[in-house]
Structure formats: structure tokens, C-alpha cells
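Undergrad: return a 3D structure for these sequence lines:
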Amino acid sequence: RLRDWHVSTLLGQLISLAGVGCLLVVTGAACVHLTGGDSLSGGTGRWCESLWISWGLFFDPGTQTAVAATERASVKLTAMIFSVMGFWYNCVVLGLLVELTQRKLVRWATLKSREVHVGHTVILGWSEKMPV
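TA: Purely as a prediction, here's the structure:
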């Protein structure tokens, strides 16, 4: 089932995470456009400028420092909300990358490690039926 796939598989989680990120950036662009925040880029109020500002707010939390203190409260609130959401999103992405790296290192350690035992005798073909 689709619900199980996007939660329980790595590929499903990555696709879901990318989808959520795109949705948040587009939602942020709509909010920036509606509040007039696209003037931050000195723009003309075009959609692509709103999308660029939203992208910057979401993936670079320091972008909101470009918002002037004289901007309307709605623009400042939008910048703050989407900066915080972007920070959380990026923390989740980095956490997922760290988790994947740790899993891969543990897997490599178990597959590629050698076990050396000293002072033991190995009997090939041993079973419970052999007299000792």
C-alpha cells in the first residue's frame, strides 16, 4: 500500500521529504506574494521573485535578516515562520543523512570485519551426532 510504502521504505521517506519541502517552499512563496514580501528583492511583485525569496527563507535561515525593520508585520511574520520551518526541515534532512551514514557504517563493519579466534580447534562437518 502507498501509505506503508512512503513511511516504511527509504525511497518512500526521501520522496515524501522532498515533496514536503517543495510544498512548503511553494506555500511560502504564496504567503510572500500575498503579503508583498517579494519587494525584499527589489522586485516587481512577480511570482518567480516570491518563489526565490521563499526558497531563500526556507533553506537559508539567515535570509530573514534582509527584512527591514520598517517592513509590515505580516512580511516579518511570514519571514520568521518560514525561516523556522526551513530550519526544522533542514535539521530533519541532516538527521536522516546522519542516520543513513551510521547504518551504512555499521553494515560495512559487520560485512567487512574479520573475526580472529586464537586457541580454538575447528572441526569441519561437525554435527550433534558426532562422538566427542
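Undergrad: use CA for all of it now, contacts and neighbours both
TA: Will do.
Undergrad: beyond the helix or strand harbouring residue 19, next helix or strand please.
TA: Element membership for residue 19 (DSSP states H and E) is helix 10-35. Where DSSP H and E defines the elements, the next helix or strand beyond helix 10-35 is helix 47-59.
Undergrad: what mean pLDDT does that next one get?
TA: Mean pLDDT, helix 47-59: 85.
Undergrad: quick check: angle from it to helix 10-35?
TA: On the basis of axes from the mean of the first three to the mean of the last three Cα atoms, to 10 degrees, helix 47-59 is oriented at 120 degrees to helix 10-35.
Undergrad: what pLDDT is listed against the most centrally placed residue in the chain?
TA: With distances taken as Cα atoms, centre = their mean, residue 93 lies nearest the centre of the chain, 1.9 Å away. pLDDT for residue 93: 90.
Undergrad: how near is it to residue 123?
TA: Separation of residue 93 from residue 123 (Cα to Cα, to the nearest Å): 50 Å.
Undergrad: show me what the helix holding residue 19 is packed up against.
TA: Counting contacts by 3 or more Cα pairs under 8 Å, 6 or more residues apart in numbering; DSSP states H and E, helix 10-35 packs against helix 2-8, helix 47-59, helix 73-112.
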